[in-house]
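Participant: turn this into a model:
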Amino acid sequence: MLERHLIGNHLLAVLPETEWARMAPHLALVDMPLGQVVYESGGRLVHVYFPTTSIVSLLYVMEDGASAEIAIVGNEGLIGIALFMGGETTPSRAVVQSAGQAYQLNADILKDEFHRAGPVQRLLLRYTQALITQMAQTAVCNRHHSIDQQLCRWLLLSLDRLPSNELKMTQELIANMLGVRRSGVTDAAMKLQEAGLIRYSYGHIEVLDRPGLEKRVCECYRVVKREFDRLLPDLKAL
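Facilitator: Presented below is the predicted three-dimensional model:
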């Protein structure tokens, strides 16, 4: 059986022993390459994913192909909440924004665990509430805050889900995530670089001054982080 202290995903790490023993034999560690589409809008969920070192972006796609990010998921959560929220399909597209790995689990197994109405259900519902907060705050942020504030929020949320201060990401992909023009991301990245907060080269962003980013970011980052910290600490009350 997998060693839980090495699992690298917060939700899996806090499962009680009984639930962990049932799920662990069915978890498979898979690679999540940059740009991989985990699922498409309207697609049936066959598997769910618990990221460890990868980050997945949830995108809403318009009829004309334009898209905007509504949330990101990393080692704090899972991909596929629609499975246990009453649907077999999801309205969003899930795309790997930072390459790494994740644990894959058959959707039916997670659904069975959820329907036991025990610790797994309580854990997943609390995670879903935190994720909904992130989605709502992202919508507010995209409407009311500048592109460089949005970029700061996006960078900080990503760093919270990574073991290092470096991200492999092109400006074009960031623009698609934020739903803005590439030139807007370029200008915002240049401002942050000139302020000594980041170092950017094609496909690579290194955060040099995290406290500086935290001073520059809008309140949206703190709202989201506070809700995740409140709902998903060590979950001993499960």
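Participant: check which helix or strand I205 maps to.
Facilitator: Here I205, judged by DSSP states H and E, is contained in strand 204-207.
Participant: list the buried residues for the following helix or strand past that strand?
Facilitator: Counting by DSSP H and E, the element after strand 204-207 in chain order, helix or strand, is helix 210-216. Residues of helix 210-216 classed as buried: G212, L213, R216 (neighbour count, 16 or more other CB atoms under 10 Å). Heads up, the C-betas are built off the backbone N, CA and C, glycines and all.
Participant: do the same with stretch 88-96
Facilitator: By 16+ other CB under 10 Å, the buried positions in stretch 88-96 come out as T90, S92, R93, A94, V95, V96.
Participant: helix or strand right after the helix or strand harbouring F50?
Facilitator: Assigned by DSSP H and E, F50 belongs to strand 47-51. Helices and strands here follow DSSP H and E; after strand 47-51, the next one along the chain is strand 55-61.
Participant: that next one: partners in the sheet, and parallel or antiparallel?
Facilitator: Within its sheet, and counting by DSSP bridges, strand 55-61 is paired with strand 67-73 (antiparallel), strand 93-98 (antiparallel).
Participant: have a look at this protein and report the helix or strand with the lowest mean pLDDT.
Facilitator: Least confident helix or strand, the chain: helix 171-178 with a mean of 71, by mean pLDDT, DSSP states H and E.
Participant: just checking, V56 touches N75?
Facilitator: No. Using CB atoms under 8 Å, V56 is not in contact with N75; the gap is 10.8 Å.
Participant: neighbour count: the two, which is higher?
Facilitator: V56 (27 against 23; other CB atoms under 10 Å).
Participant: find me the pLDDT at the more buried one, would you?
Facilitator: Model confidence at V56, given as pLDDT, is 95.
Participant: residues touching it, list them.
Facilitator: V56 makes contact with M32, V38, Y49, I72, V73, G74, I79, A94, V95, V96, Q97, A102, according to CB atoms under 8 Å, 6 or more residues apart in numbering.
Participant: the protein: helices as residue ranges?
Facilitator: 10-13, 17-23, 107-115, 119-144, 147-159, 171-178, 182-194, 210-216, 219-231 (DSSP state H).
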